[in-house]
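A.B. asks: Sequence unavailable; structure follows:
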């Protein structure tokens, strides 16, 4: 099975929603301008919603890997570009 960008984006947003629900104070948002397509899937970078509004470094997330969604739809989670998927 192969998924398209729209399905991959929904999967990334669902993953972010789960992260936000697990956090007491932080909401997360995709950085749309930096979404990257690769042969095996898509990278969806994200940042704290507050940082995207204020641009204050103290509101930013540091060290987070983008959410990777595989073209097969069987993986959605953090992955650094160039790293293999461990399912």
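C.D. replies: Now that the structure is in, tell me what you want to look at. What you see is a predicted model; the values in this text were computed from it and never measured.
A.B. asks: helices and strands around the longest helix along the chain, which ones?
C.D. replies: If you go by DSSP state H, the chain has its longest helix at helix 5-22. Using 3 or more C-beta pairs under 8 Å, 6 or more residues apart in numbering; DSSP states H and E, the elements in contact with helix 5-22 are strand 28-30, strand 41-44, strand 67-70, strand 76-78. From N, CA and C alone the C-beta is placed, and that goes for glycine too.
A.B. asks: contacts for the last one?
C.D. replies: In other words, strand 76-78. Residues from elsewhere that reach strand 76-78, judged by C-beta atoms under 8 Å, 6 or more residues apart in numbering: 8, 11, 12, 14, 15, 64, 65, 66, 67, 68, 69, 70.
A.B. asks: One more: the third one?
C.D. replies: The contact list for strand 67-70, computed with C-beta under 8 Å, 6+ apart, reads 3, 8-9, 11-12, 15-16, 40-46, 75-79, 85.
A.B. asks: Recalculate using a threshold of 10 Å.
C.D. replies: Strand 67-70 has contacts (C-beta atoms under 10 Å, 6 or more residues apart in numbering) with 2-3, 5, 7-16, 19, 28, 30, 35-36, 38, 40-46, 75-81, 83, 85, 87.
A.B. asks: In PyMOL, how would I select the buried members of those residues?
C.D. replies: Selection of buried members from these for PyMOL, criterion 16 or more other C-beta atoms under 10 Å:
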select buried, resi 3+8+9+11+12+13+15+16+19+28+30+35+41+42+43+44+45+46+75+76+79
